[in-house]
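Trainee: structure for this input, please:
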Amino acid sequence: MNIKEAIPERFSKEKYAVIVDWIDGNPARFDELMTIFIEGDSRKNQHSANIMSHCTDRWSFLIIPYIEKMLLNLKQDNLHDAIKRNTIRVLQTVEIPEELHGIAADICFQYLSNHEEAVAIKAFSMTVLFNLSKHYPELKTELKFILEEQLPYQSPAFKNRASKILERL
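Mentor: Model (predicted):
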């Protein structure tokens, strides 16, 4: 399969499923996807982000070699929400290498503090920060402050996730 050609121009759950099945936990095939995710044009990046997220749900080991590239990718300006959302979604479910904790925390605090950021990106960011706070208890104070500050003004989805994390802090 030529994965670059197989990635649809428009959202297609069925086509995504075909690509995920083709990858089938194979690191070389996943690498082809990640190359498109990091280096492709913006439409292909968006769709590959969704496919990457589904692959990671099934084979989390595949994402480990790409965590640093994914974090550095998030530092780019004008990223589409699909790229940010799927990247942070994956990061909330994997063990981020210790040497990347600082950059991950910085990015997630930026997303969480940005009033114009999409709710899903904020929700996934708060989970990443909560996970990091297990290693760095000092993050709990800042996370708690931001969540409590934003709680009255946010959507039900934000409030739900924030309330659960505040209970656990």
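Trainee: which helices and strands does the helix or strand hosting residue 149 pack with?
Mentor: Element membership of residue 149 [criterion: DSSP states H and E] is helix 139-150. Packing partners of helix 139-150 (3 or more Cβ pairs under 8 Å, 6 or more residues apart in numbering; DSSP states H and E): helix 101-113, helix 119-133, helix 156-168. Every residue, glycine included, has its C-beta placed from N, CA and C.
Trainee: what residues does the worst-scoring helix or strand of the chain on mean pLDDT touch?
Mentor: In the chain, no helix or strand scores lower on mean pLDDT, DSSP states H and E than helix 3-6, which sits at a mean of 85. Residues from elsewhere that reach helix 3-6, judged by Cβ atoms under 8 Å, 6 or more residues apart in numbering: 15, 18-19, 22, 29, 32-33, 36, 40, 44.
Trainee: just give the nearest non-adjacent residue to the residue sitting nearest the centre point of the chain, would you?
Mentor: Nearest residue to the geometric centre of the chain (Cα atoms, centre = their mean): residue 88, 1.7 Å. Excluding the flanking residues, the one nearest residue 88 by Cβ to Cβ, 6 or more residues apart in numbering is residue 124, at 3.9 Å.
Trainee: how confident was the prediction at that neighbour?
Mentor: pLDDT, residue 124: 97.
Trainee: any idea how far it lies from residue 159?
Mentor: Using Cβ to Cβ, to the nearest Å, we find residue 124 at a distance of 15 Å from residue 159.
Trainee: looking at the two, which is more packed in?
Mentor: A direct count of neighbours by other Cβ atoms under 10 Å for residue 124 and residue 159 places residue 124 higher, at 25 against 16.
Trainee: so that one touches residue 93, yeah?
Mentor: No: if you go by Cβ atoms under 8 Å, residue 124 and residue 93 don't touch, sitting 9.4 Å apart.
Trainee: next secondary structure after the least confident helix or strand of the chain?
Mentor: helix 13-23.
Trainee: show the average pLDDT along that next one.
Mentor: If you average the pLDDT over helix 13-23, you get 92.
Trainee: likewise for stretch 141-154?
Mentor: On average, stretch 141-154 scores 93.
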